[in-house]
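Undergrad: below is the sequence, then the predicted model.
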Amino acid sequence: MQYLLLIYANEAAEAQVPQEQRQEVFGEWMSYTNDMKAAGAYVAGDALQPVSTATSVRLRDGERMITDGPFAETKEQLGGYYLVEAADLDGALEWAAKCPGARTGTIEVRPVMVFS
């Protein structure tokens, strides 16, 4: 079964991290990704541009409404995702717990809906 690991973090706090430490953390992310690939769990994944580049679209009464920024103001913003293959929710939760972003942010785990 496939699960989406949605990675939420505080962009403002991450921007304050010294460059040297950012390089170290980037290496942890690459290791994590390589571990998933080696285990056959990795399906896809990407980081997202900063939330300041987001545009939200809503359709109300047939009228398209476009707003700069994310849908809601929050302390943590969606920063990226991994799509993983896992036998069950417990397996997906194990990958989420290993994610470097879980130490300072939140990893939301959601099963992908399968349509037949």
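TA: Thanks, I have it. Keep in mind the model is a prediction, meaning the values are calculated, not measured. Residues are numbered from 1 along each chain as shown.
Undergrad: hey, let's count contacts and neighbours off CA atoms from now on
TA: Will do.
Undergrad: centre of the chain to stretch 13-29, how far?
TA: 16 Å (CA atoms, centre = their mean, to the nearest Å).
Undergrad: hmm, who's touching it?
TA: With contact meaning CA atoms under 8 Å, 6 or more residues apart in numbering, stretch 13-29 is reached by Cys99, Pro100.
Undergrad: show me where this structure has helices.
TA: Assigned by DSSP state H, the helices in the chain fall at 11-15, 19-39, 89-98.
Undergrad: turn those helices into TSV, including distance to Gly80.
TA: Output for the helices of the chain, formatted as TSV (distance: least, CA to CA, whole Å):
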stretch	distance to Gly80
helix 11-15	12
helix 19-39	12
helix 89-98	13
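Undergrad: and these: which comes nearest Arg110?
TA: helix 89-98 (8.7 Å; CA to CA).
Undergrad: relative to Met1, which of the helices of the chain is closest?
TA: helix 89-98 (8.7 Å).
Undergrad: buried stuff in that closest one?
TA: Buried residues in helix 89-98, counted by 16 or more other CA atoms under 10 Å: Ala92, Leu93, Trp95, Ala96.
Undergrad: now the last one. Nearest residue, chain neighbours left out?
TA: Leaving aside its chain neighbours, Ala96 sits nearest to Ile107 (6.1 Å; criterion: CA to CA, 6 or more residues apart in numbering).
Undergrad: for that neighbour, list each beta-bridge partner.
TA: Ile7 (DSSP bridges).
Undergrad: number of nearby residues for Ala47?
TA: Ala47 has 11 neighbours, counted by other CA atoms under 10 Å.
Undergrad: same check, this time on the one 3 residues further on
TA: Taking other CA under 10 Å as the neighbour definition, Pro50 ends up with a count of 13.
Undergrad: need the contact list for it.
TA: Contact analysis of Pro50 by CA under 8 Å, 6+ apart lists Glu11, Gly79.
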